[in-house]
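>>> Here's my sequence, what's the structure:
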Amino acid sequence: MYHPHLFARRAELLALRDLAPTLEISTTISPILEAVKEDSRDLLRCMQVMGEAGMVASVIVNPVDGDFKSGDAVEAWRQSLNERFQLFPSMLPAYVCRPKSTAQQIDAFLAAYPNRDVALLYWSPKISNPTLTDLVGRPRIRFHINLHNQMSAAQRGMLPTNKAVDVTDHFERCLRNADYGSPEFFSDDHLNYSTDSAGFGDFSIVGAQYIPGGGQAHAVAIHAIYKADDDALWVEHFISDDTDLDVGTVEGKYLQAASKLTEATAARPAEFGQDIALEGFAADVENSTFPGLAVSKRRQIYHHLALVHSLIYEP
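From the prediction side, this is the model:
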């Protein structure tokens, strides 16, 4: 199963909401959602749609980025999710075990969500082998998720194969959109994960580092994964011709990038596949319409998830 890590921003949540009713993803995609916004309304709507579609999702209840950097907003936000957790057992409360996490804090998390499945994520966890052995033995922990390969080899080897998931950031982020260049190898995890784990994951074309949006775009970039001849995934970057702040408009830059994407996907359908996101980009190019950069991001994520789904789906 594929476990994409997303920051639960509106574009990402809308991409998931688009996927749930259009593709049979309940057996292929199980997202990990780490919120960065205190306003939980979009997340609650997404949990509702995913729950009704029978999807399994891990919703991190101890976020630390964005609005939660100070920690003051976490508790009220966490309480706002309880109704969805109670209504949909497939929505899993998830806890990130970080370097400062203690066994007592993990126990408190488990006690806060009794009699239901949960997920644990490990990011440089400073926990003892006996503590991990105890956690591995608890049947209601549905997933043990290794983030960034930041577990020791010995502790990673302690995770049960039928519950272990490795999530790795494969996206090479550039500081400026104009700096993206040639296509790059992305991942072949979907070909290899089943030997020692129950799933694999990535950070899509967003990357693992949370970077707040804002500001006018110097250049517009559209990132799209495609399948190479050996079934490995590569990512191609479609960049607007205009890359200076004072040259052109955002609308024009978007259409320049979308035109390049549409030309590539039309010429190489076996590599990019076909989905409603790519169709949306093509329609914009044909009609010279600009839906906004948020819609572009939503489509990029949709395409990413849809293509990975197509590679692991077995009807």
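>>> neighbours of Lys227, just the number please.
19 (other C-beta atoms under 10 Å). Backbone N, C-alpha and C define where each C-beta goes, glycine included.
>>> For it, which residues are in contact?
Leu233, Trp234, Ala270, Glu271, Phe272, Gly273, Leu307, Leu311 (C-beta atoms under 8 Å, 6 or more residues apart in numbering).
>>> Pretty sure the first one sits against Leu191.
No: if you go by C-beta atoms under 8 Å, Leu233 and Leu191 don't touch, sitting 9.3 Å apart.
>>> Which residues are in contact with each of these two?
Listed contacts common to Leu233 and Leu191 are nil; contacts here mean C-beta under 8 Å, 6+ apart.
>>> Between those two, point out the one with more neighbours.
More crowded of Leu233 and Leu191, by other C-beta under 10 Å: Leu233, with 21 against 14.
>>> what are the phi and psi values for the nearest residue to that one once chain neighbours are set aside?
Excluding its sequence neighbours, the residue lying closest to Leu233 (C-beta to C-beta, 6 or more residues apart in numbering) is Phe186, at 4.3 Å. Dihedral pair for Phe186: phi -110, psi -60, per degrees, to the nearest 10.
>>> State the number of residues packed around Phe186.
Phe186, neighbours per other C-beta under 10 Å, totals 21.
>>> any idea how far it lies from Tyr193?
For Phe186, the distance to Tyr193 equals 14 Å [C-beta to C-beta, to the nearest Å].
>>> Rebuild the contacts of Lys227 as CSV, extending it with distance to His148.
Listed next are those as CSV, based on distance: C-beta to C-beta, whole Å:
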residue, distance to His148
Leu233, 18
Trp234, 21
Ala270, 32
Glu271, 28
Phe272, 28
Gly273, 28
Leu307, 23
Leu311, 23
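>>> In terms of secondary structure, what does the biggest helix by length in the chain contact?
Longest helix in the chain by number of residues (criterion: DSSP state H): helix 293-312. On a contact count with 3 or more C-beta pairs under 8 Å, 6 or more residues apart in numbering; DSSP states H and E, helix 293-312 meets helix 10-22, helix 189-192, strand 221-227, strand 233-239, helix 250-267, helix 276-287.
>>> what comes into contact with the helix or strand Gln86 falls within?
Using DSSP states H and E, Gln86 falls within helix 82-87. Applying C-beta under 8 Å, 6+ apart, the set of residues contacting helix 82-87 from outside is Leu44, Met47, Gln48, Gly51, Val59, Met91, Pro93, Tyr113, Arg116.
>>> can you do 6 Å?
Leu44, Met47, Met91, Pro93 (C-beta atoms under 6 Å, 6 or more residues apart in numbering).
>>> What ranges in the stretch 201-315 of the chain fall below the confidence cut-off?
Residues of the stretch 201-315 of the chain that meet the criterion pLDDT under 70 lie in 214-215.
>>> coming back round to it: buried residues in the longest helix of the chain?
293, 295-309, 312 (16 or more other C-beta atoms under 10 Å).
>>> show me where the stretch 1-150 of the chain has strands.
5-6, 32-33, 57-60, 91-97, 118-122, 141-147 (DSSP state E, counting those that start in this stretch).
>>> May I see the domains of the protein written out as residue ranges?
1-167, 173-186+213-315 (automatic domain parsing).
>>> Poorly predicted segments of the stretch 51-200 of the chain, please.
For the stretch 51-200 of the chain, no range has pLDDT under 70.
>>> May I see the buried residues of stretch 61-68?
Buried-residue list, stretch 61-68, by 16+ other C-beta under 10 Å: Val61, Asn62, Pro63, Gly66, Phe68.
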